[in-house]
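1. Below are the sequence and a predicted model; questions follow.
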Protein chains: 2
Amino acid sequence: MSARPRTTTRKKPTQARSQQTVDALLGATARVLKKDGYDRMSTNKVALAAGVSIGSLYQYFPSKEALVATLMERHVDEMDALFAQEAVRVADMPLAQAVRAIVLRTIEAHQIDPVLHRVFEQVPRIGRLQKFDEVQERARVLVFLYLSASKEKLRPKSLEVAADLVASTIEMVSHGAVLRHPERLRDGVLVDETVDLILRYLKA
Amino acid sequence: MSARPRTTTRKKPTQARSQQTVDALLGATARVLKKDGYDRMSTNKVALAAGVSIGSLYQYFPSKEALVATLMERHVDEMDALFAQEAVRVADMPLAQAVRAIVLRTIEAHQIDPVLHRVFEQVPRIGRLQKFDEVQERARVLVFLYLSASKEKLRPKSLEVAADLVASTIEMVSHGAVLRHPERLRDGVLVDETVDLILRYLKA
DNA sequence: TAAGGATGCGAGCTATCACTCACATTAGCA
DNA sequence: TGCTAATGTGAGTGATAGCTCGCATCCTTA
């Protein structure tokens, strides 16, 4: 009864001009996704928007989910790269500087493609699409590691809870600012307030 | 070309045993939604799960969206009621008590049906379904009003920004705690930390 | 320039979707 | 008890979804 939509594995995308096709498909996926959202997006629409036949789409992506997941992974990798990079830079900075640097980087990361980011949040957490949540998990770990390095200077007893609170707060502020109040990023007020919030909480 | 799925207005649900049908449908909607998510939920599945014919479903709900929106509005009203009630209780409490009371109430509100709440977050913001975001907007307003009443005692210059930060933080903590770390709610540690975070930020 | 693999195509398949409608059943009131 | 409005039914409709497959075209290599 209705076998799972099994799909054979697809060609590796990479050889000459086929990469163009794949890029066009991913670009179109992003556009359709942003316009229609996940459940109104269809693979036929994507192929049409990409100027590519539906057959070619399925040559490289075995399913709608795989198509969106690939795009999501690209997005997530971009964000992760920024975080990882900043984590290194920040490692031996004093707390106040470090917090500010991380807040700024997180905002930057959210500015990569805020609308697409928002769409991903509303995608069903199925199969590979679950990976979206892992960005925040990794960010939490980085914050935890940073805090652990200077735990004797910090007030909160539980670093797990503190790291969670701090990482989630930064994520929440960045997300909200970029999507709902971009004007608050012009002057530095929101950033200052956020840094303040976090420092007052952390410092002994 | 493909007229919008116009649907005639439906019977008012209320008269005798028909209310049972409506309740069964909304209950089934919640179950299917939680199991499958919005885009894999179908009206046929809901009718089946409710033990009601598909015809009856459309007698009371003109569309899939209306079905989900009705359920969402019920959920949102429940949460709003808790907030509004607490806002009154808290109005002339001192800051520390008030913050703690609000945090506790927000957690309580998120415990109404956390999984359903999560599903609503991932529903496309279309038509009546946009109303989901308004809960937080109303919560922000309540916090802003509370803070305005004692603004001379507070450190942050911008009450808009502060109220936003505070309301969003409380929402984020409650949401995360209920879904990802329910064990942290056993002892009061997370609540204490959150109250601390907010008070240190607000107090001069 | 011939051959063959890589790439591209799109009509069309099956399943499922949201939704309708002609009809059956029930319930309350005369 | 009989009549009528309210309620319930589910086979069926057209649309569209995800996805396949046989074939055309391009590109590389020899």
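-> Perfect, thanks for sending it. Just so it is clear, the model here is predicted, and its values are computed rather than measured.
2. Quick check: pLDDT value at the closest residue in space to A:Leu154 that isn't next to it in sequence.
-> Leaving aside its sequence neighbours, A:Leu154 sits nearest to A:Leu202 (CB to CB, 6 or more residues apart in numbering or on different chains; 5.3 Å). To be clear about C-beta, it is placed using only N, CA and C from the backbone, and glycine gets the same treatment. pLDDT for A:Leu202: 98.
3. ok, A:Leu202 - how many residues close by?
-> 21 (other CB atoms under 10 Å in any protein chain shown).
4. got it, and A:Val88?
-> Count around A:Val88 with other CB under 10 Å applied: 9.
5. tell me the contacts of A:Asp164?
-> A:140, B:176, B:181 (CB atoms under 8 Å, 6 or more residues apart in numbering or on different chains).
6. tell me which residues of stretch A:54-64 are tucked away?
-> Using 16 or more other CB atoms under 10 Å in any protein chain shown as the test for burial, stretch A:54-64 gives A:56-61, A:63-64.
7. How about stretch A:84-93?
-> A:86-87, A:90.
8. returning to what we had before: take the contacts of A:Asp164 and write them to JSON lines, including distance to DNA strand D, neighbour count and secondary structure.
-> Output for those, formatted as JSON lines (distance: CB to the nearest atom of the strand, whole Å; neighbours: other CB atoms under 10 Å in any protein chain shown; DSSP: H, G, I helix; E, B strand; the rest coil):
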{"residue": "A:Arg140", "distance to DNA strand D": "33", "neighbour count": "18", "secondary structure": "helix"}
{"residue": "B:Gly176", "distance to DNA strand D": "31", "neighbour count": "18", "secondary structure": "helix"}
{"residue": "B:His181", "distance to DNA strand D": "35", "neighbour count": "14", "secondary structure": "coil"}
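9. is it possible to export the residues you listed to a markdown table including pLDDT?
-> As requested, the contacts of A:Asp164 are exported to a markdown table (pLDDT from 0 to 100):
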| residue | pLDDT |
| --- | --- |
| A:Arg140 | 97 |
| B:Gly176 | 97 |
| B:His181 | 97 |
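10. separation between the residue in chain A positioned nearest to DNA strand C and A:Glu86?
-> Using CB to the nearest atom of the strand, the single residue of chain A nearest to DNA strand C is A:Gly55, 1.7 Å away. Relative to A:Glu86, A:Gly55 is positioned 43 Å away (CB to CB, to the nearest Å).
11. and if you look at A:Glu134?
-> 18 Å.
12. So A:Pro156 belongs to a strand, correct?
-> No - applying DSSP: H, G, I helix; E, B strand; the rest coil, one finds A:Pro156 to be coil, outside a strand.
13. Counting by contacts, list what the longest helix along chain A packs against.
-> Ranked by residue count, the top helix of chain A under DSSP state H comes out as helix A:64-90. Identification of packing neighbours for helix A:64-90 by 3 or more CB pairs under 8 Å, 6 or more residues apart in numbering or on different chains; DSSP states H and E yields helix A:18-36, helix A:43-50, helix A:95-110, helix A:114-121, helix A:134-149.
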